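[1] okay, predicted coordinates and the sequence, questions at the end:
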Amino acid sequence: MTQSKLGDAVGLTFQQIQKYERGSNRIGSSRLYEFAKALDVPVSFFFDEMPSNALSGRPMSGRGRKGFGEAGTPFDQEKDPLIKRETLELMRAYYKIREDRVRKRIFEMVKAVGAVSHAAALGGGKHRRSAHGD
């Protein structure tokens, strides 16, 4: 999407968008929300590359609450794969597959690989021999 199109979508000029992109202007939460809606991504999309400990331990000013990155908060991205960029990209790619049969086979394959991986993790990561002695 061009800066002009994004600007039109959120009611700004492309010059204002450039200032946000370069970091000349700070982006407030409401503006970030508008950008996320215009780009059809969750707000968390903009934080996916941020180190997991970047927000932890920083108290919210004047409120006496726990830091943003602590367990159980909406900002605990490592615990919720549904808000990761990878999940969004995977879902978009998956639904671009027009053939229902192919999409269903990929779905079943991913479920099977996930189940095997999960079972291996629960079993201490040991490789188990198959019934065929592999």
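    On my side now, so go ahead.
[2] the lengthiest helix in the chain packs against which elements?
    Longest helix in the chain by number of residues (criterion: DSSP state H): helix 100-122. Helix 100-122 is packed against helix 85-96, with contacts defined by 3 or more Cβ pairs under 8 Å, 6 or more residues apart in numbering; DSSP states H and E. From N, CA and C alone the C-beta is placed, and that goes for glycine too.
[3] any idea of the mean pLDDT for the helix it packs on?
    Averaged over helix 85-96, pLDDT sits at 84.
[4] and that helix, what does it pack against?
    helix 100-122.
[5] would you mark the buried spots in the helix it packs on?
    Neighbour counts over helix 100-122 (16 or more other Cβ atoms under 10 Å) mark no residue as buried.
[6] helix 85-96 and that helix, what's the angle between them?
    On the basis of axes from the mean of the first three to the mean of the last three Cα atoms, to 10 degrees, helix 100-122 is oriented at 150 degrees to helix 85-96.
[7] flag the shaky bits of the chain, pLDDT-wise.
    49-79, 124-134 (pLDDT under 70).
[8] run through who's touching the helix or strand residue 5 falls within.
    Using DSSP states H and E, residue 5 maps to helix 3-10. The contact list for helix 3-10, computed with Cβ atoms under 8 Å, 6 or more residues apart in numbering, reads 12, 13, 14, 16, 17, 18, 21, 31, 34, 35, 38, 39.
[9] of the residues you listed - the most surrounded one?
    The residue in these with the most neighbours, by other Cβ atoms under 10 Å, is residue 17 (21 neighbours).
[10] which ones are touching that one?
    3, 4, 6, 7.
[11] any idea how far it is from residue 94?
    Using Cβ to Cβ, to the nearest Å, one gets 30 Å for the distance from residue 17 to residue 94.
[12] and if you look at residue 40?
    In terms of Cβ to Cβ, residue 40 sits 16 Å off from residue 94.
[13] equivalent analysis for residue 39, please.
    19 Å.
[14] residue 41 now?
    Distance, residue 41 to residue 94, using Cβ to Cβ: 16 Å.
[15] same thing with residue 35?
    25 Å.
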